[in-house]
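S.K.: After the sequence you'll find the predicted model.
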Amino acid sequence: QVQLVESGGGLVQAGGSLRLSCAASGRTFSSYAMGWFRQAPGKEREIVAAVSWSGGSTVYADSVKGRFTISRDNAKNTVYLQMNKLKPEDTAVYYCAADLSWPTTNYHAYEYWGQGTQVTVSS
């Protein structure tokens, strides 16, 4: 069992930055690939970024490439999402998720989920 708690969401103006954190507890954090997903009202949950067990491999949605960076600190059991140059269309609830397999970008495949954190980008 893995428990995930996101933090760092909030309201920011377009062009601004936010850093999301996801703290994990439970089983060995470094055994899990980690992903950030988001879901806007009326839309399906979508992958934002994912990182492999060691942090050596990452994947990004095309919409965030060059603006967002996913990273992890296995010593702190934490995964981060640095979001720069935010746009109004980035507004959504952001979730972190954990799974043993890699690469995994389909949200159906992720086993453990946090409760989500709201990110709102004003124009």
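M.R.: Yes, it's here. Numbers count the residues shown, from 1 in each chain.
S.K.: Please pull up the helix or strand immediately following the helix or strand hosting residue 6.
M.R.: Element membership for residue 6 (DSSP states H and E) is strand 2-7. Toward the C-terminus, strand 2-7 is succeeded by strand 10-13 as the next helix or strand (DSSP H and E).
S.K.: The strand holding residue 6 pairs with which strands, parallel or anti?
M.R.: When pairing is defined by DSSP bridges, strand 2-7 lines up against strand 18-26 (antiparallel).
S.K.: Next one, pLDDT for the residue most central in space within the chain please.
M.R.: Among the residues of the chain, the one closest to the centroid is residue 36, at 2.1 Å (C-alpha atoms, centre = their mean). Residue 36 carries a pLDDT value of 98.
S.K.: And the one 4 residues further on, by the same measure?
M.R.: We have a pLDDT of 96 for residue 40.
S.K.: With the one 5 residues further on instead?
M.R.: Residue 45 carries a pLDDT value of 95.
S.K.: Also the one 3 residues further on?
M.R.: In this prediction, residue 48 carries a pLDDT score of 98.
S.K.: Kindly report the same for residue 104.
M.R.: The model reports residue 104 with a pLDDT of 87.
S.K.: nearest residue to it other than its sequence neighbours?
M.R.: residue 33 (5.9 Å; C-beta to C-beta, 6 or more residues apart in numbering). (Each C-beta comes from the backbone N, C-alpha and C, glycine too.)
S.K.: Was I right to think that neighbour contacts residue 105?
M.R.: No. Between residue 33 and residue 105 there is no contact under C-beta atoms under 8 Å: 9.9 Å.
S.K.: need the strands for the chain, in chain order.
M.R.: Per DSSP state E, the chain carries strands over the ranges 2-7, 10-13, 18-26, 33-39, 46-51, 58-60, 68-73, 78-83, 92-99, 112-113, 117-122.
S.K.: Disregarding flanking residues, what is the spatial nearest neighbour of residue 45?
M.R.: residue 39 (4.3 Å).
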